[in-house]
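Colleague: starting from these lines, generate the structure:
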Amino acid sequence: MSADVARLIEALDDTGYWWMVGKGQAKPSEPLFGCLIQEAKIDGKQLAMAEGDSLEFCVIEALARLRNAGH
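Modeller: Sure thing, here's the model as predicted:
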């Protein structure tokens, strides 16, 4: 894991929310990566999500959306 990705993972951890990142496509037209941040509970409310062709972009964008939503 690169140092940049490790820092992004630490930033996700620091939010105190649950998060997940994924890689994969059900069809070629979909973005390759995704990042979801949700309330820290089972079936918690989705707080921010981003998809794109770069893991770094998805995490940075999801964190920005989380901040912009006031979390």
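Colleague: now do the phi/psi pair for F33.
Modeller: Dihedral angles of F33 (phi, psi; degrees, to the nearest 10) stand at phi -120, psi 160.
Colleague: burial of it, as a residue count?
Modeller: Residues lying near F33 (other C-beta atoms under 10 Å) number 19. C-beta here means a position set from N, CA and C on the backbone, and glycine is covered the same way.
Colleague: identify the bridge partners of it.
Modeller: Listed beta-bridge partners, F33: K23, G52 (assigned using DSSP bridges).
Colleague: who's in contact with L47?
Modeller: L47 sits next to Y17, I37, Q38, E39, L66, A69, H71 when contact means C-beta atoms under 8 Å, 6 or more residues apart in numbering.
Colleague: tell me which helix or strand L36 sits in.
Modeller: Applying DSSP states H and E as the criterion places L36 in strand 33-38.
Colleague: where exactly do the strands run in this structure?
Modeller: Counting by DSSP state E, the chain has strands at residues 18-23, 33-38, 46-52.
Colleague: so which of the ones you listed is the most surrounded?
Modeller: Across the strands of the chain, the average number of neighbours (mean count of other C-beta atoms under 10 Å) peaks for strand 33-38, which reaches a mean of 20.
Colleague: what packs against that strand?
Modeller: With contacts taken as 3 or more C-beta pairs under 8 Å, 6 or more residues apart in numbering; DSSP states H and E, strand 33-38 sits against strand 18-23, strand 46-52, helix 55-68.
Colleague: ok so, going back, of the contacts of L47, which one scores lowest on pLDDT?
Modeller: Among the contacts of L47, H71 has the lowest pLDDT, at 92.
Colleague: nearest spatial neighbour of that residue, skipping sequence neighbours?
Modeller: Ranked by C-beta to C-beta, 6 or more residues apart in numbering and with sequence neighbours excluded, the top spatial neighbour of H71 is L47, at 5.5 Å.
Colleague: which of the contacts of L47 has the most neighbours?
Modeller: I37 (25 neighbours).
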